[in-house]
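Participant: here is a sequence together with a model predicted from it:
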Amino acid sequence: MSQIGKLKINGKDAYTTWGVYLLDGGVSALMTPPAAKPLVTNKSRLQHGKRVTRTNPGGSSLKRVEDRDVSLPFGLSADNRTQLNTRHEAFIAELQAGEVELEVAELPSVVFHLDFVSCTSFGQYATLAKYVIRFNEPNPKDRT
């Protein structure tokens, strides 16, 4: 099954550019909801419990989400070791260059804006490599 067109990184097809594809569990990690920020509260010694502010004076919700870290599993394939090393260097350089805009065919019209944090796992097997890359998503509500 071809991986062409299934993953874009910074507008480039990841498979045709670097031989990179998202492994099982990657889409689930992207779809995991972010944690909620705590609501505004006030604990007064003059009242029982605490006061929780859930809406602003205009009536809209004050519920917000935290930034989040997401670990994504990637595979990289090549025809030979030289190509693997070249693709590996180019892939890592792309991730470290700045903001990573990631698009997955399974989630059409969604663009994840991520920042590379680290590679938490790497394995190389002849002409294949496997990575687990940790990213930070500064604003999970900004996915356009």
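Facilitator: All right, it came through fine. No experiment lies behind these values; they were computed from the predicted model shown. Numbers count the residues shown, from 1 in each chain.
Participant: so which bits of the helix or strand where residue 94 lies are buried?
Facilitator: Using DSSP states H and E, residue 94 sits within helix 81-96. Neighbour counts over helix 81-96 (16 or more other Cβ atoms under 10 Å) mark 84, 87, 88, 91, 92, 94, 95 as buried. (Each C-beta comes from the backbone N, C-alpha and C, glycine too.)
Participant: list the buried residues for whichever helix or strand comes after that helix?
Facilitator: Under the assignment DSSP H and E, the closest C-terminal helix or strand after helix 81-96 is strand 100-104. Residues 100, 102, 103, 104 are the ones in strand 100-104 that count as buried (16+ other Cβ under 10 Å).
Participant: neighbours around the closest residue to the second one other than its chain neighbours, how many?
Facilitator: Read it as residue 102. Closest residue to residue 102 apart from its sequence neighbours, by Cβ to Cβ, 6 or more residues apart in numbering: residue 112 at 4.4 Å. The tally of other residues near residue 112 (other Cβ atoms under 10 Å) stands at 18.
Participant: so residue 112 versus residue 14, what's the distance?
Facilitator: According to Cβ to Cβ, to the nearest Å, residue 112 and residue 14 sit 13 Å apart.
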